[in-house]
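S.K.: Pasting the sequence and the predicted model now:
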Amino acid sequence: MLDRPNLKAVIEALIFAADTALSLDKMASVLEGEDKNEIKAALSELMEDYRARAGGVLMEEAAGGFQFRTNPEFAPWLRRLFKIGLQKISKAAMESLAIVAYKQPVTRGELEAIRGVDSGGVLATLMDKRFIKIVGRKEVPGRPVVYGTTREFLETFDLKDLSCLPSLKDIQKMEEENGEENAQAQDTSTDAVQDSSGSQAEDKGRVEEPAPGEEGPEDHNEAGPGEEGSDGGRSS
């Protein structure tokens, strides 16, 4: 039996050497004779050690196992290293990926029935990105292939497993909240425009009063007949 420090060191080495996320069961099979609960406790301590260190590498649980992942804060430097830009996925691809994730295993026909458009190109793109794969054939006439998500999908979206996907109720709630926030922001913007327009209208309709001691435009009249001129002269 290994003591806790040595057990943590061995686990760290195993996870570092593994080319994919290493499951707890796989670790237990390698660490033959070690108590599984002790391995879990050592894993928790190890992950906390990396979080407390706040360095460039973290140990995280994803895709049904544990793996080292770079700290998201340092993504800009990693993109420079690998000379890649931000990886974007089109709305059509995200929509199709979500359907596969929630409905899997799903055929292309079933996917297209939900989306209402041809999805062959999108499916090919998702397979190229290794987010989905063919997982079998459906036992119906023609035996069409069925698609499911991959380990890379879980790793990319930082999911332990498919049970970590948000429920449809959660998604609906988030959409409603976003809709309310957008409506409030629009109302605020409209009120600000109206306030600004009202202030401008008030400024245009306001007549400025002459300051004390100043003459208004009507105070510059010429002296009328029979009145003294401005020079105060009189006829003798």
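M.R.: Cool, got the structure. All values reported here derive from a predicted model rather than from experimental measurement. Numbers count the residues shown, from 1 in each chain.
S.K.: Show me what counts as buried in stretch 106-113.
M.R.: Buried residues in stretch 106-113, counting neighbours by 16 or more other C-beta atoms under 10 Å, are found at 106-108, 110-112. Yep, even glycine has a C-beta here, placed from its N, CA and C like the rest.
S.K.: mean confidence for it?
M.R.: Mean pLDDT, stretch 106-113: 92.
S.K.: outside of it, which residues touch it?
M.R.: 96, 99-100, 103, 118-120, 123, 138, 144-148 (C-beta atoms under 8 Å, 6 or more residues apart in numbering).
S.K.: would you list these in a markdown table and tack on pLDDT and neighbour count?
M.R.: Output for the contacts of stretch 106-113, formatted as a markdown table (pLDDT from 0 to 100; neighbours: other C-beta atoms under 10 Å):
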| residue | pLDDT | neighbour count |
| --- | --- | --- |
| 96 | 91 | 28 |
| 99 | 91 | 18 |
| 100 | 92 | 24 |
| 103 | 90 | 15 |
| 118 | 88 | 10 |
| 119 | 87 | 23 |
| 120 | 88 | 10 |
| 123 | 92 | 21 |
| 138 | 90 | 15 |
| 144 | 92 | 13 |
| 145 | 92 | 14 |
| 146 | 93 | 19 |
| 147 | 94 | 27 |
| 148 | 94 | 17 |
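S.K.: Of the residues you listed, which pair is most distant in space?
M.R.: Across the contacts of stretch 106-113, the longest distance by C-beta to C-beta is 20.6 Å; it joins 118 and 148.
S.K.: count of neighbours near the closest residue to residue 95 other than its chain neighbours?
M.R.: Nearest in space to residue 95, with sequence neighbours left out and distances taken as C-beta to C-beta, 6 or more residues apart in numbering, is residue 115 at 6.5 Å. Residue 115: 14 surrounding residues under other C-beta atoms under 10 Å.
S.K.: And the residue nearest the centre of the chain, how far from residue 73?
M.R.: For the chain, the residue nearest the mean C-alpha position is residue 157 (11.1 Å; C-alpha atoms, centre = their mean). Note on residue 157: its distance to residue 73, by C-beta to C-beta, to the nearest Å, is 19 Å.
S.K.: ditto for residue 108
M.R.: From residue 108 to residue 73 the distance is 39 Å (C-beta to C-beta).
S.K.: now residue 38
M.R.: Distance, residue 38 to residue 73, using C-beta to C-beta: 32 Å.
S.K.: The two: who's more crowded?
M.R.: It is residue 38, of residue 38 and residue 73, that has more neighbours when counted by other C-beta under 10 Å, with 16 against 9.
S.K.: tell me which element the more buried one falls in.
M.R.: Using DSSP states H and E, residue 38 falls within helix 36-53.
S.K.: Which of the three states applies to residue 25?
M.R.: helix (DSSP: H, G, I helix; E, B strand; the rest coil).
S.K.: where's it relative to residue 17, distance?
M.R.: Taking C-beta to C-beta as the measure, residue 25 and residue 17 are separated by 17 Å.
S.K.: Likewise for residue 33?
M.R.: From residue 33 over to residue 17 the distance is 20 Å, taken as C-beta to C-beta.
S.K.: Repeat that for residue 69.
M.R.: 15 Å.
S.K.: For those two, indicate the residue with more neighbours.
M.R.: Neighbour comparison, residue 69 and residue 17: the larger count goes to residue 69, with 15 against 8 (by other C-beta under 10 Å).
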